[in-house]
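*Asks:* One predicted model, sequence on top.
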Amino acid sequence: MSDPFEAVAGLLEEHRRIEEQLADPSIHAEVGRARALGRRYAELGQIAHAAQAARSARADAVAAAELAEIDPTFAAEAPALAALADEAEATLTQLLIPRDPDDARDVILEIKAGEGGEESALFAADLMRMYAKFAESRGWAFEVLDTQETELGGIKDAAVAIKARGNPSPEDGVWAHLKYEGGVHRVQRVPVTESQGRIHTSAAGVLVMPEADDPTEVEIDPNDLRIDVFRSSGPGGQSVNTTDSAVRITHLPTGVVVSCQNEKSQLQNKEQALRILRARLLAMAAEEAAQAASDARRSQVRTVDRSERIRTYNFPENRIADHRTGYKAYNLDRVLDGELGPVLTSAIEADAAARLKSLGS
């Protein structure tokens with residue numbers, strides 16, 4: 001992308017058109033469409049501002065260079081203005097790198113205990129607390145949709161919704177940060193169930209999906225659903241409810257199964273399960289579309305490969321290591337207390353570098 005100004009003209013026109021659309025009150029009657037337009041407007045607004053700043057800086061640099069030929073007093077000023085113009089154009093170029101269109105979306109995040117039995121379930125609970133504290137530090141809402149706990153306070157399976165306040169710009173979106181969390185998280189520590197003090201290795205899986213803006217975004221034919229109800233169960237499998245309030249939904253065309261039992265109402269559990277189902281179907285559609293997309297988009301999808309063992313949490317050394325980016329730090333206690341920012345930044349920067357490289361190839 002040698003000249004960022006060539007690429008920006010069409011985007012500025014799109015920004016103008018969206019501004020006109022958002023001024024129409026009827027648009028806001030369609031919540032999902034209005035929110036999608038608002039996200040795009042915020043993204044294009046950054047580009048418009050950066051383009052104006054870059055043009056102004058370049059004009060100043062050109063003027064200074066011309067004046068330096070006439071008046072030597074401008075000669076010392078010209079190089080500094082040229083450097084500022086280069087910096088402004090580099091900023092604009094970064095903004096023009098195609099973003100993941102879902103970056104500003106909220107997410108549904110699922111955590112599942114894996115190999116390691118009770119220790120894995122306890123680690124899954126640690127991960128859930130980590131995400132809750134990180135969400136709190138960002139000012140995001142953290143809503144537990146469903147959990148299946150163990151007798152020792154671990155989590156076999158949990159689903160949560162994490163939502164930003166207002167209409168964030170893409171780089172501040174929940175998906176923009178947490179999409180890198182999908183994969184296998186490995187823990188090394190002495191389990192509470194270990195009497196000999198030996199270090200064990202276990203793992204938990206994290207699945208992250210962008211949430212649909214509203215129910216109409218993902219069309220689900222009621223005839224494609226099989227809905228079963230059953231009694232909620234607590235730690236150890238004992239029944240915690242005398243009514244059949246838990247709900248299991250099977251999406252017959254895809255075989256996706258979602259169950260929820262946290263709420264006392266069968267209707268509420270059904271609504272929560274449908275939210276998770278919509279997010280899963282939205283993620284499946286995005287992955288299918290990515291198969292035919294550009295190399296840059298496919299690179300992003302690989303970055304969040306859910307089957308990949310992405311990170312190790314070593315308690316004896318207080319060390320956290322991300323195997324995709326090479327990030328390593330000895331502040332695991334603080335990371336688990338919600339200080340996840342630097343770990344995520346390493347993934348964001350690695351992804352941006354890969355996308356920038358793919359543009360130039």
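*Replies:* Right, received. Where do you want to start? Given the structure is predicted, the values throughout are model-derived calculations rather than measurements. Residues are numbered from 1 along each chain as shown.

*Asks:* would you put the C-alpha positions of the strand ranked longest in the chain in CSV?
*Replies:* Longest strand in the chain by number of residues (criterion: DSSP state E): strand 200-210. The C-alpha trace of strand 200-210 is given here as CSV (Å, rounded to 0.1, in the frame of the first residue of the first chain):
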residue,chain,number,x,y,z
HIS,A,200,0.6,-32.1,37.5
THR,A,201,-0.2,-30.9,34.0
SER,A,202,-3.8,-30.5,33.0
ALA,A,203,-5.8,-28.4,30.6
ALA,A,204,-9.0,-26.5,29.9
GLY,A,205,-10.5,-25.4,26.6
VAL,A,206,-11.8,-22.0,25.8
LEU,A,207,-14.2,-21.3,22.9
VAL,A,208,-14.8,-17.6,22.0
MET,A,209,-17.6,-16.5,19.5
PRO,A,210,-18.8,-13.1,18.4
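
*Asks:* Following that strand in sequence, what is the next regular element?
*Replies:* strand 225-230 (DSSP states H and E).

*Asks:* What segments of the chain are helices?
*Replies:* All helices of the chain, identified by DSSP state H, fall at 4-22, 31-70, 77-96, 117-138, 174-178, 266-290, 295-303, 332-336, 341-360.

*Asks:* For the ones you listed, state which one has the densest average packing.
*Replies:* Most buried of these, by mean neighbour count (mean count of other C-beta atoms under 10 Å): helix 174-178, with a mean of 24. Bear in mind the C-beta positions are built from the backbone N, C-alpha and C, glycine included.

*Asks:* Show me what that one is packed up against.
*Replies:* Judged by 3 or more C-beta pairs under 8 Å, 6 or more residues apart in numbering; DSSP states H and E, helix 174-178 is in contact with strand 107-113, strand 155-163, strand 200-210, helix 341-360.

*Asks:* Out of these, flag the one nearest residue 81.
*Replies:* Distance to residue 81, taken as C-beta to C-beta, is lowest for helix 341-360 among these, at 25.6 Å.

*Asks:* For that closest one, give the mean pLDDT please.
*Replies:* Average pLDDT, helix 341-360: 82.

*Asks:* OK, contacts around the spatially closest residue to residue 58 that is not a sequence neighbour?
*Replies:* Nearest non-adjacent residue to residue 58, counting by C-beta to C-beta, 6 or more residues apart in numbering: residue 85, 4.4 Å away. Residue 85 makes contact with 54, 57, 58, 60, 61 under the criterion C-beta atoms under 8 Å, 6 or more residues apart in numbering.

*Asks:* Residue 357 versus residue 85, what's the distance?
*Replies:* Using C-beta to C-beta, to the nearest Å, residue 85 is found at 24 Å from residue 357.

*Asks:* same deal with residue 158?
*Replies:* The gap separating residue 158 from residue 357 is 37 Å, by C-beta to C-beta.

*Asks:* Show the low-confidence segments of this protein, by residue range.
*Replies:* 1-4, 195, 233-243, 289-308, 358-361 (pLDDT under 70).

*Asks:* on that earlier part again, what is the orientation angle of the longest strand of the chain with strand 107-113?
*Replies:* Calculated by axes from the mean of the first three to the mean of the last three C-alpha atoms, to 10 degrees, strand 200-210 forms an angle of 160 degrees with strand 107-113.

*Asks:* ok and strand 200-210 relative to helix 266-290, angle-wise?
*Replies:* Using the same axes, to 10 degrees: strand 200-210 against helix 266-290 is 90 degrees.

*Asks:* what comes up buried for strand 200-210?
*Replies:* 202, 203, 204, 205, 206, 207, 208, 209, 210 (16 or more other C-beta atoms under 10 Å).

*Asks:* and the residues you listed as CSV, adding distance to residue 119?
*Replies:* Converted to CSV, the buried residues of strand 200-210 look like this (distance: C-beta to C-beta, whole Å):
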residue, distance to residue 119
202, 5
203, 10
204, 10
205, 15
206, 17
207, 20
208, 23
209, 26
210, 31
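
*Asks:* hmm, back to that, out of the helices of the chain, the one nearest residue 258 is which?
*Replies:* Counting by C-beta to C-beta, residue 258 lies closest to helix 266-290 out of the helices of the chain; the figure is 4.6 Å.

*Asks:* Tell me which residue lies nearest the centroid of this protein.
*Replies:* Nearest to the geometric centre of the chain sits residue 175, at 2.1 Å (C-alpha atoms, centre = their mean).

*Asks:* Please name the residues that touch that residue.
*Replies:* 100, 102, 103, 104, 105, 106, 107, 208, 210.

*Asks:* Dump the residues you listed to JSON lines, plus distance to residue 187.
*Replies:* As requested, the contacts of residue 175 are arranged in JSON lines below (distance: C-beta to C-beta, whole Å):
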{"residue": "100", "distance to residue 187": "29"}
{"residue": "102", "distance to residue 187": "29"}
{"residue": "103", "distance to residue 187": "29"}
{"residue": "104", "distance to residue 187": "32"}
{"residue": "105", "distance to residue 187": "29"}
{"residue": "106", "distance to residue 187": "27"}
{"residue": "107", "distance to residue 187": "22"}
{"residue": "208", "distance to residue 187": "19"}
{"residue": "210", "distance to residue 187": "27"}
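
*Asks:* Just name the closest of the residues you listed to residue 116, please.
*Replies:* Lowest distance from residue 116 to the contacts of residue 175 (C-beta to C-beta) belongs to residue 208, with 21.1 Å.

*Asks:* so what's the closest one closest to, chain neighbours aside?
*Replies:* residue 182 (4.5 Å).

*Asks:* Could you double-check that that neighbour sits in contact with residue 210?
*Replies:* No. Residue 182 is beyond contact range of residue 210, at 11.2 Å (criterion: C-beta atoms under 8 Å).

*Asks:* Please report how far the residue nearest to residue 208 lies from residue 108.
*Replies:* Distance of residue 182 to residue 108, given as C-beta to C-beta: 11 Å.
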